[in-house]
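Q: Coordinates only, no sequence provided:
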């Protein structure tokens, strides 16, 4: 089995944290070396912004301790390991893995990613770290996805109150960096949104940049207020009173917007018919959640934190602790069940075993086993990138989010960080968690 090992620590000084992390990693590597495992070739390092200024010395120390290992990573408001979060405090997490050197390539502004059809090495998927100040970031991500065979990216945007740094066999600021994997490295990746839809999916029928002017052929602001139950269904909304809008401000501040691209073949404008209602409970991966940033009573419109165009789907939502917990467990359970299904498909089935399994299922209908304990067969290691607005209290307490992940996935080696934006597929998300698990 390819060894994935993890170390994590907090300490007032980065050197103290690295010493604690190195002791954990060396103990695990020594134990695995006794079983014939190969030495590590690739490392992930995520550090909180308390250590951002020391990224250069930290990388030099990592290289000295594990020569020949390529390191990638970035800074976050928080970092995480299996079941543990270091949020808004000094923290360092490092994961090492022994992957074939011809199955990954580190890229950055000074070492670009070779394309999917490069004769030297193709890229199937890529882990991406991005600087939040990068212009046209969404377009750059789409271009990078086009240079991979699958078009699938995962990762996140650096988050720091101090210095924005990325690590990619060097320390960088600005742009994109990360590591691309060849088709011999298999991953299973999922997204959790953690928002509760408040009403149906509307269709944008008129817009001006970031301003939504009409939904389903009707003025946009009254539709927003109706979905928030701040305006009666029978009210045409011809006179939106200033006092009523002021009273609605606290609710509007909690409201977010979920956007979807127009369906294939849909007209770009003039689509007045309301599409099917959104399923209540959670959003799918096709939805991008954005801030509601203002209202315009004069035009009966509102503005959001992304440019929009007619034909796009739009639904209003709120961040909700209970919904976030349910959707996080749903995502992790799907990932674990995919691994268990794969393992079951590879396991020889005898008539006796099949009969016993059927009897057990009949005796306990609908019973789902908790996953806390060993990871599912085939799980090697994992990267988890969560929004900096989701950590800690949003899930009910310190480390609650990562404890839910560990309970659902099992004890799989895992590292990650709390980001200023999450990357999955070929686009940029917000308020999400992106879980990617490496497969045997």
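A: Okay, I see it. Keep in mind the model is a prediction, meaning the values are calculated, not measured.
Q: Could you list the low-pLDDT ranges of the stretch 201-350 of the chain?
A: 232-244, 264-282, 346-350 (pLDDT under 70).
Q: That one: strands as residue ranges?
A: Assigned by DSSP state E, counting those that start in this stretch, the strands in the stretch 201-350 of the chain fall at 202-208, 211-215, 218-219, 255-260, 288-296, 301-304, 313-319.
Q: Next, format the ones you listed as CSV and append mean neighbour count and distance to residue 17.
A: Where C-beta positions appear, they are placed from N, C-alpha and C, glycine not excepted. CSV is the format used below for the strands of the stretch 201-350 of the chain (neighbours: other Cβ atoms under 10 Å; distance: least, Cβ to Cβ, whole Å):
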stretch, mean neighbour count, distance to residue 17
strand 202-208, 21, 48
strand 211-215, 23, 46
strand 218-219, 18, 55
strand 255-260, 20, 35
strand 288-296, 18, 33
strand 301-304, 21, 40
strand 313-319, 22, 31
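Q: Please identify which of these is closest to residue 191.
A: Across these, residue 191 has its closest neighbour in strand 288-296 (10.5 Å, Cβ to Cβ).
Q: Counting by contacts, list what the closest one packs against.
A: On a contact count with 3 or more Cβ pairs under 8 Å, 6 or more residues apart in numbering; DSSP states H and E, strand 288-296 meets helix 220-227, helix 242-253, strand 255-260, strand 301-304, strand 427-429.
Q: what do you get if the cut-off is 10 Å, keeping everything else the same?
A: The contact analysis (3 or more Cβ pairs under 10 Å, 6 or more residues apart in numbering; DSSP states H and E) places strand 288-296 against strand 211-215, helix 220-227, helix 242-253, strand 255-260, strand 301-304, strand 313-319, strand 427-429.
Q: got JSON lines for the ones you listed, with distance to residue 328 too?
A: Output for those, formatted as JSON lines (distance: least, Cβ to Cβ, whole Å):
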{"stretch": "strand 211-215", "distance to residue 328": "30"}
{"stretch": "helix 220-227", "distance to residue 328": "25"}
{"stretch": "helix 242-253", "distance to residue 328": "24"}
{"stretch": "strand 255-260", "distance to residue 328": "17"}
{"stretch": "strand 301-304", "distance to residue 328": "25"}
{"stretch": "strand 313-319", "distance to residue 328": "13"}
{"stretch": "strand 427-429", "distance to residue 328": "14"}
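Q: Against residue 5, how distant is residue 58?
A: According to Cβ to Cβ, to the nearest Å, residue 58 and residue 5 sit 18 Å apart.
Q: Among those two, which residue is more densely surrounded?
A: When residue 58 and residue 5 are compared on other Cβ atoms under 10 Å, the one with more neighbours turns out to be residue 58, at 25 against 22.
Q: For the strand or helix carrying that one, name the packing helices and strands.
A: Per DSSP states H and E: residue 58 is located in helix 55-65. For helix 55-65, the contact count by 3+ Cβ pairs under 10 Å, 6+ apart identifies helix 14-33, strand 42-48, strand 70-76, strand 92-97, strand 166-168, strand 171-172 as packing neighbours.
Q: As CSV, these with mean pLDDT, mean neighbour count and distance to residue 303 would be great.
A: Below are the helices and strands packed on helix 55-65 laid out as CSV (pLDDT from 0 to 100; neighbours: other Cβ atoms under 10 Å; distance: least, Cβ to Cβ, whole Å):
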stretch, mean pLDDT, mean neighbour count, distance to residue 303
helix 14-33, 94, 16, 41
strand 42-48, 98, 25, 33
strand 70-76, 98, 27, 29
strand 92-97, 98, 26, 38
strand 166-168, 97, 25, 31
strand 171-172, 96, 20, 34
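Q: between the ones you listed, which one is nearest to residue 220?
A: strand 70-76 (35.3 Å).
Q: what's downstream of that closest one, the next helix or strand?
A: Using DSSP H and E, the helix or strand that follows strand 70-76 in sequence is strand 78-81.
Q: Listing partners with orientation, what would you give for that following strand?
A: strand 84-87 (antiparallel), strand 414-419 (antiparallel) (DSSP bridges).
Q: Which of these sits closest to residue 201?
A: strand 414-419 (26.9 Å).
Q: and that closest one with strand 70-76, angle?
A: Relative orientation of strand 414-419 and strand 70-76, computed by axes from the mean of the first three to the mean of the last three Cα atoms, to 10 degrees: 40 degrees.
Q: how big is the angle separating strand 414-419 from strand 92-97?
A: Here strand 414-419 runs at an angle of 140 degrees relative to strand 92-97 (the same axes, to 10 degrees).
Q: what about the helix holding residue 58, average pLDDT?
A: Over the span of helix 55-65, the pLDDT mean works out to 98.
Q: That helix vs strand 42-48, what angle?
A: On the basis of the same axes, to 10 degrees, helix 55-65 is oriented at 150 degrees to strand 42-48.
Q: For beta bridges, what are the partners of the residue nearest to residue 331 when sequence neighbours are not counted?
A: In space, and not counting its chain neighbours, residue 331 is closest to residue 192: 4.1 Å by Cβ to Cβ, 6 or more residues apart in numbering. On the basis of DSSP bridges, residue 192 is bridged to residue 433.
Q: Many thanks, I have nothing further to ask.
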